[in-house]
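**Q** Make a model of this:
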Amino acid sequence: MYFNALYIGLGTLLLTHLSLTVIPYYAAQVHAGAWADETLWWHCVHHAPTPVITIQYIGTALGFGLFWALSYLHLLQINGVWSYSIHDLFIWLGLLWLLARTDHACLLLPDVFTQALLWWGLIQLSVKTPELLSSTLWAMAGVYLCGRLIQFFGKLWFALPLVGLGDVKLLVAITPWLGSSALLYVLCLACVVCFLSQAYQQRSWRPKGACAFGPYLVSAAWLVWWCPHPFVL
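**A** Predicted coordinates for the structure are as follows:
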């Protein structure tokens, strides 16, 4: 119990630093014209300014730490694709949070996060429930193919991709964690919340323009994971 509390505390401090210090620095580099690849991310990790401890910093750390602790208690009571450990939660909650923050800051979902989320999920799935691995891989391939087709026809008919490649990769990455049957719920929920949010912000029932879809996907994935549902197998 004490080890878990210490783990959550230290992990929360790390994620808060990355979220409130490194990601804004990363976004500034991207907006300045830097090539947004993995090298840039690790450069920002090593050269980000020293964090300033503010009320926002403390509040964010306490809020995420509480969310992580409640999630750990919650996972003990649900039947997911496989049993989450506290280390799995660090990957699941932490990387999704960082992805949402980065997309909100610079409209990017870095592969350095998405690939880590994907490969950790696949490794855990293959170890704990190998009988689901084959169907999950087929589902991931189907999601990626459908996403690219939506992009193709969106550009063809509307001169817009409709969905970003990073969003498609994020949907693929959460498939091993939630199961293929939950993806439709995640996507529909994210679309509804995105539409309502943009309609409210633009004060119009016909919102226009592009927006960061990653935070909505992350919120939907968390909500689907939290709810007592029969569709996360």
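**Q** Low-confidence regions, this structure specifically.
**A** 1, 78-83, 228-233 (pLDDT under 70).
**Q** Can you show me the helices along it?
**A** In chain order, the chain shows helices spanning 2-17, 23-31, 38-47, 55-75, 86-106, 111-128, 133-158, 165-178, 183-202, 214-226, with DSSP state H as the criterion.
**Q** What distance do you get for the spatially most central residue of the chain to Ser135?
**A** Averaging the C-alpha coordinates of the chain gives a centre point, and the residue nearest to it by CA atoms, centre = their mean is Leu96 (2.7 Å). Relative to Ser135, Leu96 is positioned 23 Å away (criterion: CB to CB, to the nearest Å). C-betas here are computed from N, CA, C, even on glycine.
**Q** quick revisit: report the contact partners of the closest residue to the residue nearest to the centre of the chain other than its chain neighbours.
**A** The shortest distance from Leu96 to any residue other than its chain neighbours is 4.6 Å, reached at Val218 (CB to CB, 6 or more residues apart in numbering). Each residue near Val218 by CB atoms under 8 Å, 6 or more residues apart in numbering is listed here: Leu96, Trp97, Leu99, Ala100, Leu170.
**Q** Out of those residues, flag the one nearest to Gln151.
**A** Leu170 (14.1 Å; CB to CB).
**Q** my guess is the closest one contacts Leu217, does it?
**A** Yes - using CB atoms under 8 Å, Leu170 is in contact with Leu217, at 5.6 Å.
**Q** Now tell me what touches stretch 110-121 from outside.
**A** For stretch 110-121, the external contacting residues (CB under 8 Å, 6+ apart) are 36, 38, 41-42, 88, 91-92, 95-96, 98-99, 102, 166, 169-170, 172-177.
**Q** in it, what counts as buried?
**A** Pro110, Asp111, Val112, Phe113, Thr114, Ala116, Leu117, Leu118, Trp120, Gly121 (16 or more other CB atoms under 10 Å).
**Q** Now do it: distance to the chain's middle.
**A** For stretch 110-121, the gap between its own C-alpha mean and the chain's C-alpha mean amounts to 9 Å (CA atoms, centre = their mean, to the nearest Å).
**Q** So Gln56 sits against Ser19, correct?
**A** No - applying CB under 8 Å, one finds Gln56 not in contact with Ser19, separated by 10.6 Å.
**Q** When these two are compared, which one has more neighbours?
**A** For Gln56 versus Ser19, neighbours defined as other CB atoms under 10 Å are more numerous around Ser19 (21 against 11).
**Q** so who does that one touch?
**A** For Ser19, the residues meeting the contact criterion (CB under 8 Å, 6+ apart) are Thr60, Trp97, Leu98, Arg101.
**Q** and the most far-flung residue of the chain relative to its centre, how far is that from Leu6?
**A** Among the C-alpha atoms of the chain, the one farthest from their average position, using CA atoms, centre = their mean, is that of Trp157, at 29.0 Å. The gap separating Trp157 from Leu6 is 54 Å, by CB to CB.
**Q** List buried residues within the contacts of stretch 110-121.
**A** When neighbours are counted using 16+ other CB under 10 Å, these contain these buried positions: 36, 41, 88, 91-92, 95-96, 98-99, 102, 166, 169-170, 172-177.
**Q** Would you mind measuring from Ala5 to Thr60?
**A** To Thr60, Ala5 is 18 Å away according to CB to CB.
**Q** Mind checking which of the two has more residues around it?
**A** Taking Ala5 and Thr60 together and counting by other CB under 10 Å, Thr60 has the greater number of neighbours (17 against 11).
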